[in-house]
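# structure, please.
(one chain, ligands or ions: 1)
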Amino acid sequence: MDKIIIIEDDPAIREELALLLENEGYQATAVTDFSDVPRQVLAAAPGLILLDLGLPGRDGMSLCLDIRKVSRTPIIFVTSRDSASDELRALSLGGDDYITKPYNIPVLLARIRAVLRRAGGPAESDTLEAEGLTLHLTRGTVSAGGGSAELTRNELKILAHLMAHAGQIVSRADLIDALWDSQIYIDDNTLSVNMTRLRAKLEEIGLPGFIKTRRGMGYQL
Ligand code: CA
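Have a look, this model is predicted:
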């Protein structure tokens with residue numbers, strides 16, 4: 001069941017949204033204390049955030065930026081501000097969708113479903129293949145002519161992302177994005193450590209140089 005957190009200071013709208021979401025089978029939770037909202041979001045670990053723009057003490061836009069520093073949970077702005085410039089700014093600051101009040105309930109629910117679906121990503125098939133290498137996603141192993149190796153979760157994610165973009169240059173920023181859980185931020189150093197280990201494992205199964213470094217641009221298979 002998807003958990004949705006409501007960040008809205010108008011109690012009537014907050015309650016209406018919570019009821020609406022619960023009736024649709026979501027688990028709804030609301031922020032009522034507007035200090036340190038990012039921490040509350042992390043603690044609640046929701047699948048989606050509904051965020052108002054006009055909040056006590058601060059603007060939803062700056063709050064979105066703060067949430068984005070610690071979480072990639074999808075954010076839908078639900079606001080009475082209906083200017084194109086507000087919408088553009090909200091989406092460019094890391095919002096995933098923008099809905100104006102008064103909202104149309106079926107449309108709001110459809111957009112929530114769409115954002116959750118996108119966040120869930122396409123259904124993963126069990127294996128990925130590229131350049132003679134097979135990645136077994138559910139088993140967490142990689143195999144080639146020379147043998148097979150077990151991967152950690154991060155190594156698996158890195159390799160899966162590179163294989164899904166085989167032949168293309170993948171930037172470090174893209175890989176860090178791919179490594180993000182909804183809650184935990186992976187830093188540049190963690191990526192380097194994981195990349196070194198992954199390359200050592202690939203070398204062990206007979207694929208040295210499988211992941212090439214493209215200086216100043218990223219990595220490429
Ligand atoms: Ca408000």
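
# show me what contacts Glu24?
Contact analysis of Glu24 by CB atoms under 8 Å, 6 or more residues apart in numbering lists Leu109. To be clear about C-beta, it is placed using only N, CA and C from the backbone, and glycine gets the same treatment.

# name the residues of the helix or strand of the chain with the lowest mean pLDDT that are buried.
Of all helical and strand segments in the chain, the minimum by mean pLDDT, DSSP states H and E falls on strand 127-130, at a mean of 82. The neighbour-count check on strand 127-130 (16 or more other CB atoms under 10 Å) flags 128, 130 as buried.

# and the residue in the chain positioned nearest to the ion, how many residues sit next to it?
Here the chain gets closest to the ion at one residue, Gly54, 3.8 Å apart by CB to the ion. Gly54: 13 surrounding residues under other CB atoms under 10 Å.

# next one: phi and psi at it?
In this entry, Gly54 is assigned phi and psi values of phi -90, psi 100 (degrees, to the nearest 10).

# please apply the same query to Tyr26.
Phi and psi for Tyr26, reported as degrees, to the nearest 10, are phi -90, psi 160.

# for the residue nearest the centre of the chain, give its distance to Phe210.
The centroid of the chain falls nearest to Arg72 when counting by CA atoms, centre = their mean (4.3 Å). Taking CB to CB, to the nearest Å as the measure, Arg72 falls 28 Å from Phe210.

# no further queries at this time; thank you.
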